[in-house]
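Enquirer: can't give you the sequence, but here's the structure:
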């Protein structure tokens, strides 16, 4: 354990010195770069976080991980940034990109393993197994899968009546969006036994006063990061049209950690149970 700690500290000092001198960081040759927070969360849950040489920006969800070199947002990485830490293996969500950057990385000779990205319980099972296989930790991966497979066999029943939940995705400085079909938020709302307040389209669309009033949500769902980005609850309840919805009139909101809610990683059952509990709380 002490050796691992010293090795980690040495690597961090190398990185700091290289940043200060503006030269490329040459990491340890046996390190892994993880692209995508669900992938990183699985690596950590399998006890292989000491093997990480770098992560993408979305994966810095803990103080320990935030100290690692970050190679950009996983959907917009550069080959140079990823290769600068000299990884021996890259484990990537299959929706990482752009494609030309991944091609450059593969052409460099560094092995790239891409794992399923779909936001579902079945997708989570495939993702955990794929990461476990990449790490040579198949048995540990099967242990992580037990509660997920149990939930697949015994899904939560739909709430009666099922509340209409509107997920609002916000980032600082940009327009807020609502999630339709085919999104992680839509899937999580349904898995918790509720109903998505907006349907009829796939992906995300801008939040407008007209769409907000038309959806008539009973409950709003946001990530902690998103709520902070729009200035907190006071700003949320003052959005145009908000007070013309049941959620606005009753100040009903559920706030969850982004990686937990949308990651569909090893804690996916915890996310379902937490959302369910919040929705049934009076």
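Expert: Cool, the structure landed. Predicted model, so just to flag it, every value in this text is computed and none were measured.
Enquirer: going by C-alpha atoms from here, please, whenever you check contacts or count neighbours.
Expert: OK.
Enquirer: and the strands in the stretch 1-150 of the chain, which stretches?
Expert: Remark: strands assigned in the stretch 1-150 of the chain by DSSP state E, counting those that start in this stretch are 32-35, 52-55, 89-93, 112-115.
Enquirer: in a markdown table, list those strands along with distance to residue 167.
Expert: Listed next are these as a markdown table, based on distance: least, C-alpha to C-alpha, whole Å:
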| stretch | distance to residue 167 |
| --- | --- |
| strand 32-35 | 25 |
| strand 52-55 | 27 |
| strand 89-93 | 23 |
| strand 112-115 | 26 |
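Enquirer: of these, which is nearest residue 280?
Expert: Among the strands of the stretch 1-150 of the chain, strand 89-93 comes nearest to residue 280, with 33.3 Å by C-alpha to C-alpha.
Enquirer: low pLDDT regions in the stretch 151-282 of the chain?
Expert: Counting by pLDDT under 70, the stretch 151-282 of the chain has low-confidence residues at 173-174, 282.
Enquirer: re earlier: for residue 200, which of the strands of the stretch 1-150 of the chain is the nearest?
Expert: Smallest distance to residue 200 across the strands of the stretch 1-150 of the chain (C-alpha to C-alpha): 27.3 Å, for strand 89-93.
Enquirer: for the closest one, buried residues please.
Expert: Buried positions in strand 89-93, judged by neighbour count with 16 or more other C-alpha atoms under 10 Å: 89-93.
Enquirer: same deal with stretch 190-210?
Expert: 190-198, 204-205, 207-208.
Enquirer: what is the end-to-end distance of that stretch?
Expert: Chord length of stretch 190-210, first to last residue, is 24 Å (C-alpha to C-alpha, to the nearest Å).
Enquirer: now do that stretch: distance to the chain's middle.
Expert: With C-alpha atoms, centre = their mean, to the nearest Å as the basis, stretch 190-210 stands 19 Å off its chain's centre.
Enquirer: ok, now which ones touch residue 194?
Expert: By C-alpha atoms under 8 Å, 6 or more residues apart in numbering, residue 194 lies in contact with 158-159, 162-165.
Enquirer: sorry, wrong one. I was asking about residue 145.
Expert: Counting by C-alpha under 8 Å, 6+ apart, residue 145 has contacts 125, 128, 266.
Enquirer: can you do 7 Å?
Expert: Applying C-alpha atoms under 7 Å, 6 or more residues apart in numbering to residue 145 gives the contacts residue 125.
Enquirer: domain parsing for this protein?
Expert: For the chain, automatic domain parsing gives the domain ranges 2-151, 164-280.
Enquirer: let me see the ranges of the helices in the stretch 51-200 of the chain.
Expert: Using DSSP state H, counting those that start in this stretch, the helices assigned to the stretch 51-200 of the chain run over residues 79-83, 99-107, 121-135, 138-153, 184-191.
Enquirer: can you say which of these is nearest to residue 271?
Expert: helix 184-191 (8.1 Å).
Enquirer: name the helices or strands packed onto the closest one?
Expert: Under the contact criterion of 3 or more C-alpha pairs under 7 Å, 6 or more residues apart in numbering; DSSP states H and E, helix 184-191 touches strand 195-196.
Enquirer: quick one: contacts of the strand it packs on?
Expert: Residues contacting strand 195-196 (C-alpha under 7 Å, 6+ apart): 162-166, 186, 189.
Enquirer: identify the residues contacting stretch 262-279?
Expert: Outside of stretch 262-279, the residues within contact range by C-alpha under 7 Å, 6+ apart are 37-38, 41-42, 119-120, 124, 144, 148, 184-185, 188, 191-192, 254, 260-261.
Enquirer: cool, thanks, signing off.
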